[in-house]
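A.B. asks: predicted structure and sequence below. I'll ask about it afterward.
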Amino acid sequence: MEICSIRESMAREGQKARVRGWVYRHRASKTAVFVIVRDATGIIQCTFKPDSKNFADAEKLLMESAIEIEGTVKKDERAPGGFEIGAECLKTIHLAERFPITKDQSPEFLLDNRHLWVRSRQMTEMMKIKDTLLVSAREWFHSQSWTEVTPPILTSNACEGGSTLFEIDYFGQKGYLSQSAQLYLEALIFSLGKVYSITPSFRAEKSRTRRHLAEYWHLEGESAFAGNDDNMKTQEQLISHICQRIAEKHSAELKELGRDPEDLLRIKPPFKRLEYDSAIKILQKKGIQIEWGADLGTEEERELTANEKIPVFVTNYPKHIKAFYMRENPKDPRTVLNADLLAPEGYGEMVGGSERETDIKKLIERLEKESIPIKNYEWYLDLRKFGSVQHSGFGLGVERLIRWVCKLEHINEAVPFPRTMNRIYP
């Protein structure tokens with residue numbers, strides 16, 4: 001009999017099925033051995049009776065042993081997943097040692113044993129949803145005639161400020177791990193028009209918050225002939241498409257993680273838009289100690305979105321707290337034409353975007369004011385000399401979006417092997 005997946009076996013009620021996987025749970029008594037088996041598609045309970053020829057072998061199984069089981073599938077509402085296999089044959093592929101991860105382990109212990117914890121149901125469900133996120137993002141971009149490109153990870157430039165750069169020795173020269181692909185994407189719009197990339201980005205931020213990683217996956221897009229409003233429309237259409245696809249494909253996984261799929265199905269354009277000025281006034285009325293000109297932190301973003309059901313754009317931040325490449329707001333030179341997209345339910349910023357400055361003189365002024373060596377950006381300034389056009393772009397933190405979608409407590413749970421300021425093992 002051919003091997004089938006656990007999900008496929010559930011469609012064979014009353015028939016025999018042969019499944020292969022790992023022991024997820026094990027319970028033995030004198031009258032039966034209950035083995036819950038897992039594979040990539042789900043879990044199913046397999047029951048061995050005392051008269052089974054493999055009853056003794058089933059009793060000896062330990063968690064994470066690799067096994068193959070054959071038996072008759074029957075419906076049983078009491079069993080995990082609602083089905084059970086009456087086991088008739090057992091093949092032990094590998095009898096595992098005693099598994100070190102037990103109930104109620106500390107977060108640090110689970111991080112130290114991440115190579116084993118990635119087998120957990122929560123991590124498995126998250127990774128499936130993350131896969132659909134990336135697939136559906138590409139699906140949307142391609143449906144809108146965007147081109148995926150492959151920018152470098154090694155660079156001589158800082159995109160988001162020198163204080164958070166990982167410096168490396170690049171054959172005797174000073175180099176860095178990329179903070180963002182943005183500058184390179186800007187170069188590529190002059191030939192391809194609308195481009196996007198999905199790459200790792202690195203930030204040497206000494207942050208211990210629930211939403212910061214030193215290495216994360218960055219979905220970035222850049223478009224020629226697009227203003228800040230066009231940029232926001234792109235983001236809300238993209239994220240809406242991603243949410244719809246995840247809700248349609250992963251209803252069961254979402255529910256197990258505590259997320260109602262209906263929450264994602266209601267994510268549709270347009271998203272709420274809130275100017276920075278108004279956001280400051282709202283926060284002050286709530287008793288938050290913040291003045292105009294200060295950046296919004298975790299607490300402020302949580303207050304603004306705790307009761308929201310769809311994402312919220314906060315627009316036109318003060319110029320002095322934003323990057324040099326953001327276009328100055330013609331209506332208020334104190335601010336820039338940008339938008340941070342905050343996830344609902346208090347999860348905070350997940351996308352940052354802006355219209356890009358096209359005035360080369362203003363770019364040079366900003367670089368000089370921030371004491372950034374212009375020599376390293378001569379190639380970037382060239383883009384404003386040869387056919388410069390209005391353009392905009394954004395960067396979406398994949399793990400931040402997943403954290404909200406899956407209702408995860410910490411961003412560490414949104415990546416298989418998290419990298420933080422005190423974690424590079426395993």
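C.D. replies: Now that the structure is in, tell me what you want to look at.
A.B. asks: alpha carbons only for contacts and neighbour counts from here, please
C.D. replies: OK.
A.B. asks: break down the stretch 201-350 of the chain into its helices, ranges please.
C.D. replies: Taking DSSP state H, counting those that start in this stretch to define them, one finds helices in the stretch 201-350 of the chain at 228-249, 251-257, 261-265, 276-285, 298-305.
A.B. asks: buried sites along the longest one?
C.D. replies: Right, the one you point to is helix 228-249. Buried residues in helix 228-249, counted by 16 or more other C-alpha atoms under 10 Å: 228, 231-232, 234-247.
A.B. asks: averaged pLDDT, that helix. What do you get?
C.D. replies: Per-region confidence: helix 228-249 scores 98 on mean pLDDT.
A.B. asks: so how far is that helix from its chain's centroid?
C.D. replies: Distance of helix 228-249 from the chain centroid (C-alpha atoms, centre = their mean, to the nearest Å) equals 14 Å.
A.B. asks: which strands and helices sit next to it?
C.D. replies: helix 121-143, helix 261-265, strand 338-343, strand 348-355, strand 391-397 (3 or more C-alpha pairs under 8 Å, 6 or more residues apart in numbering; DSSP states H and E).
A.B. asks: include distance to residue 198 when you put the helices of the stretch 201-350 of the chain into a markdown table, please.
C.D. replies: Below are the helices of the stretch 201-350 of the chain laid out as a markdown table (distance: least, C-alpha to C-alpha, whole Å):
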| stretch | distance to residue 198 |
| --- | --- |
| helix 228-249 | 14 |
| helix 251-257 | 24 |
| helix 261-265 | 22 |
| helix 276-285 | 29 |
| helix 298-305 | 25 |
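A.B. asks: is residue 173 in a bridge, and if so with what?
C.D. replies: For residue 173, the beta-bridge partners are residue 170 (DSSP bridges).
A.B. asks: how many other residues sit next to it?
C.D. replies: 9 (other C-alpha atoms under 10 Å).
A.B. asks: from residue 157, how far off is it?
C.D. replies: The spacing between residue 173 and residue 157, counted by C-alpha to C-alpha, to the nearest Å, is 12 Å.
A.B. asks: quick revisit: so of the helices and strands packed on helix 228-249, which one's packed in deepest?
C.D. replies: Mean neighbours per residue, mean count of other C-alpha atoms under 10 Å, is largest over the helices and strands packed on helix 228-249 for strand 338-343, with a mean of 26.
A.B. asks: quick one: that one to helix 276-285, angle?
C.D. replies: 50 degrees (axes from the mean of the first three to the mean of the last three C-alpha atoms, to 10 degrees).
A.B. asks: could you list every helix and strand in contact with strand 338-343?
C.D. replies: Strand 338-343 packs on helix 228-249, helix 298-305, strand 312-315, strand 348-355, going by 3+ C-alpha pairs under 8 Å, 6+ apart.
A.B. asks: of those, which is nearest residue 89?
C.D. replies: Residue 89 lies closest, by C-alpha to C-alpha, to one member of the helices and strands packed on strand 338-343: helix 228-249, at 33.3 Å.
A.B. asks: who touches that closest one?
C.D. replies: The contact list for helix 228-249, computed with C-alpha atoms under 8 Å, 6 or more residues apart in numbering, reads 129, 132-133, 136-137, 140-141, 254, 261-262, 264-265, 267-271, 313, 337-339, 353-355, 392-394, 405.
A.B. asks: state the number of residues packed around the residue lying closest to residue 210 once chain neighbours are set aside.
C.D. replies: Spatial nearest neighbour of residue 210, excluding adjacent residues (C-alpha to C-alpha, 6 or more residues apart in numbering): residue 410 at 4.7 Å. Neighbourhood size, residue 410 [other C-alpha under 10 Å]: 15.
A.B. asks: got the contact list for residue 410?
C.D. replies: Going by C-alpha under 8 Å, 6+ apart, residue 410 touches 210, 211, 403.
A.B. asks: please apply the same query to residue 13.
C.D. replies: 72, 73, 74, 75.
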